[in-house]
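**Q** Okay, here's the prediction I keep looking at, along with the sequence it came from:
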Amino acid sequence: MTEFIHIGEIFSKKHAGKEVSIRGWIHRKRSSGGVQFLVLRDSTGIIQAALKKENISDNAWKDADKALLESAVTVKGIVKEDKRAPGGYELQANAFSVISFSEPFPITEHQSTELLLDLRHLWLRSQKLTNIMKVRQHLVNYLREYFYSHEFWEVAPPIITQAGCEGGSTLFKLKYFGEDAYLTQSAQLYNEVFITALEKIFVLAPSFRAERSRTVKHLAEYWHLEAEEAFYSNQDNMKLQEELVSYACQKLAKNHADLLEFSKVKPERLTKVSPPFKRVSYDDAIDFLVKKGVKKKWGDDFGAEDEEVLTAGLEKPMFIYNYPKQGRAFYMRVNPDNPETVLNADMQAPDGHGELIGGSERIWEYDELMKRVKEEKLDVRSYQWYIDLRKYGSVPHSGFGLGIERLLKWVLNLDHIRDAVPFPRTINRVYP
């Protein structure tokens, strides 16, 4: 059997002057007289292969001439240094074969965004999206690595639930064997179950929000990294979050400068992300916006334009903490220093990229939780199991949820969150 190597291995220089076999897809193609130049790609990179008519068989030459972009092929040849070639190396072919001929590829230069979304299953082959997906994997790996190194346990809560975490208006409803059920908005309520046994836990799973938003920061389905920690205050919670995000950013900058630079992100931008992050109270954030001429009053939420004003020019994320109680989730602990607010915090990305993390200290006393359940007019039966947790050894605890796509959007400075996920699900798109 032929032993193939990945294209990326060629750039280690150890194969210079040696014969190798590679396989991949035709990325670009041109010809000049009796030479065909094929730029080939695989998962590790691209390289140019020069096919001279006199060096390969007649059938191979005809197949190379016939093969269109995205045809899957194999090439054997000698690795030669060539500064003019992509990556500084070229493969001088002595054998060529086609694994699968491609039809004319429907994506050409300067296509509309809608067409690229319709053909997402093909556009994911582009170098842009391929590199984004690579950064995404590294980012997730480093987030997990941080948790594992800090004695967190990874758990697996359900995706189908009967209780909403963030409110009924953004729930996707479905029929579950004749009963009403919902796609989860967050694993948080279930995460609180695990802390009584494991103390510090996290989960990475999809969450669903039926928000009718058409912004560059919203998805209906996204990947949610959530953590819950026994005996943590809101301040402890913020410290954990800033360490987590900083750890991932530092690791990306150190180990994957090539991928960052492909996306026109200077690694130095991420090396500046280190604790502590700026902390601003909700009250001070409102005052700041008013002084900047933004029409805002106490109790208002922050929109996209407000976030841009608040985070303009920052080199790393910031926290806004102690939001008004009104409109916040029922499980958030009331601030003892100001009962009109809660002990929560949102981590905002620089330059208006939006909220990366939402977290809070949780209500852990039974009477206090029942009071909030009644205030919010929630169905006690749907939340009975959650309420039970306050009866059997409850402790102070906190937690948070981080949107993977939001974080990746900021890290790579992407224009739209849809490019941070392979198949974006938005208010107007569920295909392919």
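**A** Everything's here; your move.
**Q** tell me which residues of the strand or helix carrying Glu368 are tucked away?
**A** In this assignment (DSSP states H and E), Glu368 forms part of helix 366-375. For helix 366-375, burial by neighbour count (16 or more other Cβ atoms under 10 Å) applies to 369, 372-373. Quick note: C-beta positions are derived from backbone N, CA and C, even for glycine.
**Q** For this protein, give me the ranges with low pLDDT.
**A** Residue ranges of the chain with pLDDT under 70: 1, 166-168.
**Q** Which parts of it are helices?
**A** 7-10, 58-66, 113-118, 120-123, 127-149, 188-198, 234-255, 257-262, 267-271, 282-291, 304-311, 366-375, 384-388, 404-411 (DSSP state H).
**Q** would you turn the ones you listed into TSV with distance to Asp419?
**A** Shown next, in TSV, are those (distance: least, Cβ to Cβ, whole Å):
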stretch	distance to Asp419
helix 7-10	23
helix 58-66	33
helix 113-118	10
helix 120-123	10
helix 127-149	6
helix 188-198	27
helix 234-255	17
helix 257-262	13
helix 267-271	18
helix 282-291	29
helix 304-311	18
helix 366-375	39
helix 384-388	36
helix 404-411	8
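**Q** Mean neighbour count, those helices: which tops it?
**A** Burial of the helices of the chain is given as mean neighbour count (mean count of other Cβ atoms under 10 Å); helix 404-411 ranks first at a mean of 24.
**Q** relative orientation of that one and helix 234-255 in degrees?
**A** For helix 404-411 against helix 234-255, the angle by axes from the mean of the first three to the mean of the last three Cα atoms, to 10 degrees is 60 degrees.
**Q** what does helix 404-411 contact?
**A** Residues from elsewhere that reach helix 404-411, judged by Cβ atoms under 8 Å, 6 or more residues apart in numbering: 132, 135-136, 139-140, 204, 217, 219, 222-225, 245, 248-249, 252, 265, 270, 317, 349-350, 353-356, 414, 416-417, 419-421.
**Q** need the contact list for the residue lying closest to Ser21 once chain neighbours are set aside.
**A** Nearest in space to Ser21, with sequence neighbours left out and distances taken as Cβ to Cβ, 6 or more residues apart in numbering, is Lys76 at 4.4 Å. Shown in contact with Lys76 (Cβ under 8 Å, 6+ apart): 2, 19-22, 93-96.
**Q** cool, and Leu314?
**A** Contacts of Leu314 (Cβ under 8 Å, 6+ apart): 278, 350-351.
**Q** Of all the helices of the chain, which one is nearest His397?
**A** helix 188-198 (5.6 Å; Cβ to Cβ).
**Q** Of the contacts of Lys76, just the buried ones, ChimeraX syntax please.
**A** A single ChimeraX command suffices to select whichever of the contacts of Lys76 are buried according to 16+ other Cβ under 10 Å:
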select :20,22,93,94,95,96
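**Q** nearest to Gln111, of the contacts of Lys76?
**A** Within the contacts of Lys76, the smallest distance to Gln111 is 28.6 Å, found for Ile22 (Cβ to Cβ).
**Q** From Asp42, how far out is that closest one?
**A** Using Cβ to Cβ, to the nearest Å, Ile22 is found at 7 Å from Asp42.
**Q** residues shared between the contacts of these two?
**A** 6-7.
**Q** Who are the contact partners of the nearest residue to Asp306 once chain neighbours are set aside?
**A** Counting by Cβ to Cβ, 6+ apart, Leu289 is the residue found nearest to Asp306 once chain neighbours are left out, at 5.8 Å. Shown in contact with Leu289 (Cβ under 8 Å, 6+ apart): 296, 306, 309-310.
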